[in-house]
Structures are given as C-alpha cells and as structure tokens.
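In: I would like to see how this sequence folds:
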Amino acid sequence: MTGPQQPSEPIRIRSFIAPRRSGSALLMRIFAESPLCSITENLSPPGNVTTQAAFLNRQITVGDPHHPIIAETLKVGKKFLITKEDAEIGFPLSTYRHIRPIFLIRDPIRTFESWTKFQLGSVASLETVYRLMYNVGTHRRAPDVGVMVVAYERLVQEPESEIRRICNHWGIPFVESMLNFKKPFGYSMVVSSQKEKQAFDEATAQGLHNTVETYDSPMAEASGYPGILSNTVKDQVEKSMGQMYLDFWKADVEKIRTVLAEKTWIGFDLDDTLHEFSMSTGIAATKIIAMLSGKYGLAVPVLAEAYYRILAEKTQFPFLDDRSSTQVRKERFTAVLTHFSIPPDENVMQDLLEAYEATYITSLELKSGARSLLSTIKKMGKKIVIITEGPYDVQDRVVEALGISRYVDFLATASQFGSTKYSGLYPAVLKHLSISPTEMAYVGDKTDRDFYPAMAKGIYAIQFDEKRNVCLDAVFPRLNTLNKIEYILVDKR
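Out: Okay, here's the model as predicted:
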C-alpha cells in the first residue's frame, strides 16, 4: 500500500491574517469561489515560535502530501490552500516570504463592536494585536517580509480592484465568479480532523458566520451597524488605534488634510452630529409618556404610538417661524391630549414642559471626540459655525449645556434666515459670514439635509455616518466618528 504521491508542484499555501471579527470570513468566501483554491483556518499549530516555524517551513516549502489538510487539497484537485489565521496566533515571520501574507485591517470601532457582542476581549487586548500588525504591516518595527495590507472597508467598496491586487500578490489567477457568491459558505473548506469541523460548525451555529452567510457579493456589507459602543468606549478605541488605522489610508488622508487646511471655516450640523440628539429626545419623550400614563391611566404602548406619530407629523418640516421650543412642545403635547379627547390643563401642561426641558438638558451627551475636535479646530486658527434647523432658543441652550459655546463663532438656524437647508440656508449663512463656499468645510449626519445640499452649493462636505463604513477615497469622504476627523486634521501622535 502506498501513500499519496508527491506532486510535481507543491501545494502553494497563502495566508491572510486578521484580528478576530475583522471580516476575514468574507475573504474566505471570496476565495472559496475560485476553482483553484481550498480554504482552511488556523493552519499554524499550537506551541512555541520555534516549533511553529519548523513545522510551517516544511509544509510551505515542500507541500507535504501526508499532512491531512494538504492531502485533502490535493484530493479535490486544488493548487492553492488559503489559510485564515488569527492575528493573536499568526505565523512566524520566517514563513512570511513563502505564504505572502495579507494583513486584513478593519476599522477598530467595527472590530471592537463585534468583540463586545461576542465578549472576546478588552480594548487593550485588541490594541495589542492591532499594534503588532501595524508595526509589521508598515515595516516600522520589523523588516519588509512581503506583507500586503488590505483595509476591509476598501475591500467592500472596491471588491474587484482589491481582489485583483490580492490575487496578483498571491500569484492566483483572478476569475470574476469570485465576486458572485453561488456556493454555500463553508464550501471548499478543508479541515484536518473531525474536531476542527465540529468547531467550525459550532461557530456557525453560534452566529459567528451569520452576516457573511447572507451575502451574495462582497459589497453586501455597507451599512446597518448596530452602534452598541458607548461614546466613552469609542473614545478609548479611537485614541488607542484610530491613528494607526488611518495610516493605512495614508494617501487619502493626506488629500483630505490638504483640502481642510485651506478652509477658514468648519461648519457642523448640531443634532446627531455633535451630540446624541435622538437619545436625549427619546429619554425626554419617555418621561412625558410615563407622566401622561400615570395622570390619565392610558396604556404606555398606546400613548407612545400616538406621541411618536404626532412628533413625526410636527417635525417633518424645519422650523421657519419664530416660535420658541416651548411653543413647539406645547403644540405637540396638546395634540397628544386632543387625540385622546383630554382637554388641556394649564397646570398639567406646565408640568409637562418643565419635565421635558429638564430631562432633555440633563441627558445631553456629546458624540465621541466632539469636544477635542472643536478644540483642535480653534487651535488651528479656524472658525466654527453650527448650522441647524431646530428652534434657535433651544439650540442655543443645548450648545451652552454641552459646554461647547466657547468654540462656536456663529450659530445659524433656519428660523433666523427664513430658509431650510434645502431651500437656501447654506448660501444665506455664507453671505452672512462674508465667505465663499470654497472657504468652508461642512460636517453633517443626514444625506438629504446636510451632505447633498451643502455639496450642491459648492461646500466641501464630509458625511458623518455612524452606521456605515469609513470611505476616504471618494470625492467627499464619509467617517463614522468625529475622532477620525480630528486625526485627519492633525496627527495627534
């Protein structure tokens, strides 16, 4: 009885290395579609680096057909074995020139959201892994050992160009079918034992592969992130890893930095851009609904449905008149009471107004990096304008309560200028400030009210979207924390 024959050409092993929950399953699925590739996980054996190096050098340079994973790869007629390695384990540097590793780097905010969800470790733990990959990937504290770095966010935005780049690095022919997922997730997966197969199946059952299983192409993951990190944790993540992440977008960062350096004014939307407006108004609304339920014996779900429907009706258009926030809220509360055929009572109304204001103001919270960004802008000698569509009186109180009034040179509201962001507020503010559109950059969270209207008027617009991936190589960038905007403006290291 004879063992497997030695192939004329050894199986070529290629590896991508990433921190856990960094999107590596997506690359596994892409290369599973290649007719030339099998895929596996964690080929690097346990043990010390010397043991790993001796083992891996033999497998990689010889393609030992007796190794169960390589034997299985030969059995199914594949030429390449693509192995996904956790950065916490990885391969010894001595093997890198053979495996031509790809370092898959993902926005640490997104990675740590997933780490938090699955309880995988602390910010410090992720930073340790991230810094190790950063030092090797940028050759800062290690020699050039043939590593290529791929940003996950760029991969899902420009899948064909990035996969072609990876294929070229690995010496694997690119085929277009790799970008159209037809095979079930796990297809072309080879394992060395039943135990490893069980581990992969258990990970799938636990939901670790849920997202990538639903994809039909690499571009499927573009939005909808849950936002489970507090602003305090986001700040920790960005301060420890944000600047390193942006270094992998270095050319794009330099372009944006050059553009922003020329601006004399930086404009911001206020609500849900500089502070947690939706959270604070939600807390205040919950307070009002509870008060009304206790006073009139109405069911909370029924009250909540009516309240939020009326709120949506009353706020679908910007506030162009001179009504105060008190008048606006009184009108809303009266509409809720009228809906339930309850005659308004002045004493009750006063209690509701006072409770809403107190609850709203005390629950205000700045977005991660907001204060530091505003401070940095002022230190650069630039001016700051806030452009918003809420009633002037409450927006002024909010800016004061948030402790950012000292940074703001001008607060502009729709009611002041009699224009909405759609209809002429931006040109009116530019005229008032005696500046041209090219002298301002503007940051806002809503595409319909902030991003596109400002851009249409010739203002350099930055989209602030916490639920979508970073995009820095577009004409107008998109970022998911204010910290990143600060790090683009100034390297804080």
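In: and stretch 419-426, end to end?
Out: 9 Å (C-alpha to C-alpha, to the nearest Å).
In: what comes into contact with it?
Out: Defining contact as C-beta atoms under 8 Å, 6 or more residues apart in numbering, one finds that stretch 419-426 is touched by 317-318, 320, 387, 389, 412, 414, 417, 428, 437, 442, 449-450, 453-454, 457, 459. C-beta here means a position set from N, CA and C on the backbone, and glycine is covered the same way.
In: buried ones among the residues you listed?
Out: Among those, those that count as buried by neighbour count (16 or more other C-beta atoms under 10 Å) are 318, 320, 387, 389, 412, 414, 417, 428, 437, 442, 449-450, 453-454, 457, 459.
In: out of the contacts of stretch 419-426, list just those in helices.
Out: Among the contacts of stretch 419-426, DSSP state H puts Ala414, Phe417, Ala428, Pro453, Ala454 in helices.
In: tell me which residues touch the last one, please.
Out: Contact analysis of Ala454 by C-beta under 8 Å, 6+ apart lists Gly267, Lys421, Tyr426, Tyr442, Gly444, Ala461.
In: that older thread, tell me which of the contacts of stretch 419-426 fall in strands.
Out: For these, membership in strands holds for Ile387, Ala412, Tyr442, with DSSP state E as the criterion.
In: hang on, the earlier thing: ok, of the ones in helices among the contacts of stretch 419-426, which one's closest to Trp115?
Out: Comparing the ones in helices among the contacts of stretch 419-426 against Trp115 with C-beta to C-beta places Ala454 closest, at 35.1 Å.
In: per-residue pLDDT, that closest one?
Out: Reported pLDDT at Ala454 in the predicted model: 95.
In: tell me where the model's unsure across the stretch 251-400 of the chain.
Out: Residues of the stretch 251-400 of the chain meeting the criterion pLDDT under 70: none.
In: quick one, strands of the stretch 251-400 of the chain?
Out: 265-268, 383-388 (DSSP state E, counting those that start in this stretch).
In: most tightly surrounded among those?
Out: Neighbour counts averaged per stretch over the strands of the stretch 251-400 of the chain are highest for strand 265-268, at a mean of 25; criterion: mean count of other C-beta atoms under 10 Å.
In: what does it rub up against?
Out: Residues outside strand 265-268 that contact it (C-beta under 8 Å, 6+ apart) are 260, 274, 377, 382-387, 409, 429, 433, 435, 439-444, 454, 459.
In: coming back round to it: which one of the ones in strands among the contacts of stretch 419-426 sits closest to Ile69?
Out: If you rank those by distance to Ile69 using C-beta to C-beta, Tyr442 comes first, at 53.3 Å.
In: and that closest one, what's its pLDDT?
Out: For Tyr442, the model assigns a pLDDT of 98.
In: so what's it up against?
Out: Counted by C-beta under 8 Å, 6+ apart, Tyr442 has contacts Ile266, Gly267, Phe268, Asp269, Ile387, Tyr426, Asp450, Ala454, Ile459, Tyr460, Ala461, Ile462.
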